[in-house]
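Colleague: Just need the structure, nothing else, for what follows:
(one chain, ligands or ions: 1)
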Amino acid sequence: MNSHSNSQQAHLQQQQVYSPIVLTSTHRQDVQEKYQFSYEIGSGTYGMVYKADDKKRPTNKVAVKKFRSTKEGEGLSLTAYREIGLLKELSNENIIKLLDVCLNPKDKLLYLIFDYAEFDLFGIIKYHRENQSHFSDVTIKSLIWQVLNGMHYLHSNWVIHRDLKPSNILVMGEGKEVGTVKIGDFGLARIFQSPLKPLNENGVVVTIWYRSPELLLGSKHYTRAVDIWAIGCIFAELITTKPLFPGKEKDPKIPSLFQDDQVDKIVKVLGKPTLEMWPDVKHLPEWKRISNMEPYPNTLAKCVGIDEKSNAYDLLSKMILYDPSKRITASEALDHPYFKEQPLPMANAFAKSPIPYPHRLPINKKKREFDD
Ligand SMILES: Nc1ncnc2c1ncn2[C@@H]1O[C@H](COP(=O)(O)OP(=O)(O)OP(=O)(O)O)[C@@H](O)[C@H]1O
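Modeller: Presented below is the predicted three-dimensional model:
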């Protein structure tokens, strides 16, 4: 290739990278003009979540996620805006609908507007744990089937969630979708930050309980298998109502990212990973740290309290598998005999309406004004 075509190509590449993104008027709208804020319902890594009404369709409740500003002077990259635009295109019965994107001219913050879901698995599991009651088999199966169905859709569209946990698994509380699972927060981890840090810059704790062993051992590559591991952990948690691997997070001031206690919790349930079961583990940066550990037997069935010969155990053990390349995929899991035997999964996971769990409350138990 001659130098002329080389420079032309470089110019073209530059155009591709720096072509201006056209922010439509919908993006630049004042959120308070479009949405009537009720109160704050929670906060997480990225900012606060509010319950609100869509002023044009007041019967429609929405959840508005207000993103914290990034460091002084640092806006969101064009790539981030483009990716958010792509998330708006995603649509499946088991993922939460991103309805609108607002760049608020007043505070210059980004707001994402989602369908409102009355419940999430964090609250629902907590309710059962505190009441010492258990989920029925049909509820567990319906919840896991729907999570896998939403995840299969995301994975087929090249979206890896990366931060799946009970508070991100929402459940609709009313209307024709009552009892339906909606996966929330998908795509955000990649756009905004890596969830590898135990504590983010704003001091919000990021849970490591659902983190896969390959990430814990230092892999920098996110694959679909990290989401399957998290779903496996949530499956076990639904059965027992207790987290399967509740590791203690390390003090973030300690420089190493290696989470000893989290790894320890996993090894004590699944046994020590061997090169036979996971040949590629030897390439992971932190492999040395576990290669000298004592061997343990695999006690997963006992820890979860299910029969080793059951289909439920077979599926669970294929999700919570050390080697990510051998871990079951979402599409294979949906085809597993567990979902073909009675009771069959249902669209309303709770098989009754209204769903008998406490509704979301304002986080300060009193109405909070949007701007205070
Ligand atoms: N669409 C929604 N409808 C109703 N509640 C929601 C919706 N999206 C999120 N929430 C709730 O708002 C709260 C805060 O959510 P958020 O996703 O910001 O944080 P998180 O999941 O607790 O933590 P992280 O940000 O680290 O993932 C959670 O209780 C979550 O269930």
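
Colleague: Check residue 106 and give its pLDDT.
Modeller: If you check residue 106, the pLDDT there is 86.

Colleague: May I have the phi/psi pair for residue 110?
Modeller: The phi/psi pair for residue 110 (degrees, to the nearest 10) reads phi -90, psi 130.

Colleague: Distance check, it against the ligand.
Modeller: As for residue 110, its distance to the ligand is 13 Å (criterion: Cβ to the nearest ligand atom, to the nearest Å). Heads up, the C-betas are built off the backbone N, CA and C, glycines and all.

Colleague: now swap in residue 39 and tell me
Modeller: To the ligand, residue 39 is 12 Å away according to Cβ to the nearest ligand atom.

Colleague: Not counting sequence-adjacent ones, nearest residue to that residue?
Modeller: Spatial nearest neighbour of residue 39, excluding adjacent residues (Cβ to Cβ, 6 or more residues apart in numbering): residue 362 at 3.7 Å.

Colleague: and the one you found, what does it touch?
Modeller: Counting by Cβ atoms under 8 Å, 6 or more residues apart in numbering, residue 362 makes contact with 38, 39, 40, 41, 368.

Colleague: Residue 104 contacts residue 31, doesn't it?
Modeller: Yes: the criterion here is Cβ atoms under 8 Å, and residue 104 meets it with residue 31 at 5.1 Å.

Colleague: What are the buried residues along stretch 128-136?
Modeller: Buried residues in stretch 128-136, counted by 16 or more other Cβ atoms under 10 Å: 128, 135.

Colleague: picking that back up, what's the overlap in contacts for residue 104 and residue 31?
Modeller: In contact with both residue 104 and residue 31: residue 111, using Cβ under 8 Å, 6+ apart.

Colleague: Please say which of these two ends up with more neighbours.
Modeller: Using other Cβ atoms under 10 Å as the criterion, residue 104 and residue 31 rank with residue 31 on top: 23 against 17.

Colleague: looking at it, that one is touching residue 64, isn't it?
Modeller: Yes: contact criterion Cβ under 8 Å: residue 31 and residue 64 qualify, at 6.7 Å.

Colleague: okay, and the common contacts of the two?
Modeller: Common neighbours of residue 31 and residue 64 (Cβ under 8 Å, 6+ apart) are 111, 113.

Colleague: how near is residue 315 to residue 93?
Modeller: 21 Å (Cβ to Cβ, to the nearest Å).

Colleague: The two: which is more packed in?
Modeller: Shown here are residue 315 and residue 93; by other Cβ under 10 Å, residue 315 has more neighbours (22 against 14).

Colleague: Am I right that that one sits in a strand?
Modeller: No: when DSSP: H, G, I helix; E, B strand; the rest coil is applied, residue 315 is found to be helix, with no strand at that position.

Colleague: what about stretch 113-133 and the ligand, touching?
Modeller: Yes: Stretch 113-133 reaches the ligand (Cβ under 6 Å from any ligand atom) through 114, 115, 116, 117, 120.

Colleague: Distance check, residue 211 against residue 219.
Modeller: Relative to residue 219, and taking Cβ to Cβ, residue 211 is found at 11 Å.

Colleague: Those two: which has the busier surroundings?
Modeller: Under the criterion of other Cβ under 10 Å, the comparison of residue 211 against residue 219 puts residue 211 first, with 26 against 20.

Colleague: Other residues contacting the helix or strand hosting residue 122?
Modeller: Here residue 122 is covered by helix 121-131, with elements defined by DSSP states H and E. For helix 121-131, contacts defined as Cβ under 8 Å, 6+ apart pick out 134-135, 143, 165-167, 169, 171, 234, 237-238, 241-242, 357-358, 360.

Colleague: Flag every residue of the stretch 1-150 of the chain that's near the ligand.
Modeller: Listed as neighbours of the ligand in the stretch 1-150 of the chain under the rule Cβ under 6 Å from any ligand atom: 41-46, 49, 63, 96, 114-117, 120.

Colleague: got the CA coordinates for stretch 96-105 in PDB?
Modeller: Provided in PDB are the C-alpha atoms of stretch 96-105 (Å, rounded to 0.1, in the frame of the first residue of the first chain):
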ATOM      1  CA  ILE A  96     -35.700  -4.500  32.300                       C
ATOM      2  CA  LYS A  97     -36.700  -2.100  29.500                       C
ATOM      3  CA  LEU A  98     -34.500   1.000  29.200                       C
ATOM      4  CA  LEU A  99     -37.200   3.500  28.300                       C
ATOM      5  CA  ASP A 100     -35.300   6.800  28.000                       C
ATOM      6  CA  VAL A 101     -32.000   8.400  28.300                       C
ATOM      7  CA  CYS A 102     -31.700  12.000  29.600                       C
ATOM      8  CA  LEU A 103     -28.800  14.300  29.800                       C
ATOM      9  CA  ASN A 104     -30.100  16.900  32.200                       C
ATOM     10  CA  PRO A 105     -28.900  20.300  31.200                       C
END
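
Colleague: Return the set of buried residues in it.
Modeller: 96, 98, 99, 100, 101, 102, 103, 104.

Colleague: next one: stretch 50-59
Modeller: 50, 51, 52, 53, 54.
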